[in-house]
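Visitor: predicted model and sequence below, questions to follow.
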Amino acid sequence: MSLPDLPGLNLNEGEPAFAEPWQAQAFAMTVALHEQGNFGWDEWAATLSAQLDTDPTDDGSRYWTHWLAALEALMEAKGATDAAAIAAREKAWHDAAARTPHGEPIVL
């Protein structure tokens with residue numbers, strides 16, 4: 001089965017919408033947090049725009065990194081998390097990734 005044969009998969013000029021699984025997860029977390037009432041789309045758009053403006057040299061290759069940074073900043077501003085909790089989760093993920101054999105799912 002080729003990518004165009006997969007129903008419901010949005011393609012961007014013949015390429016998958018997300019280059020990496022974590023990008024799809026960041027997108028899904030954003031949608032879920034919005035649906036839970038944590039923020040409105042106008043607020044999200046303003047936060048993402050402000051984050052993108054911090055890196056005027058970005059050629060688009062860091063878009064999803066900016067997306068995740070914007071989500072972290074917005075959730076921190078809302079009091080849903082803090083920098084220490086984000087750093088601890090990032091460290092836990094990197095530690096889990098380092099001990100996970102290639103090709104296996106990373107489990108925290």
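Guide: Good, I have the coordinates.

Visitor: which helices and strands sit right next to the one helix or strand Ala97 maps to?
Guide: According to DSSP states H and E, Ala97 maps onto helix 83-99. Where contact means 3 or more CB pairs under 8 Å, 6 or more residues apart in numbering; DSSP states H and E, helix 83-99 is packed against helix 63-77. Quick note: C-beta positions are derived from backbone N, CA and C, even for glycine.

Visitor: which strands and helices lie in contact with the helix it packs on?
Guide: helix 21-35, helix 41-53, helix 83-99.

Visitor: so where's this protein shaky on pLDDT?
Guide: Across the chain, the ranges flagged by pLDDT under 70 are 1-14.

Visitor: if I look at Phe27, how far off is Ala80?
Guide: 18 Å (CB to CB, to the nearest Å).

Visitor: apologies, that question was intended for Ser49.
Guide: Counting by CB to CB, the gap from Ser49 to Ala80 is 20 Å.

Visitor: can you pick out the residue with more neighbours from the two?
Guide: Ala80 (14 against 11; other CB atoms under 10 Å).

Visitor: contact partners for the closest residue in space to the more buried one that isn't next to it in sequence?
Guide: The shortest distance from Ala80 to any non-neighbouring residue, by CB to CB, 6 or more residues apart in numbering, is to Asn38 (6.6 Å). Contacts for Asn38 (CB atoms under 8 Å, 6 or more residues apart in numbering) come out as Met75, Lys78, Ala80.

Visitor: so Asn38, which state does it fall into?
Guide: Following DSSP: H, G, I helix; E, B strand; the rest coil, Asn38 is assigned to coil.

Visitor: what separates Ala87 from Phe18, distance-wise?
Guide: 25 Å.
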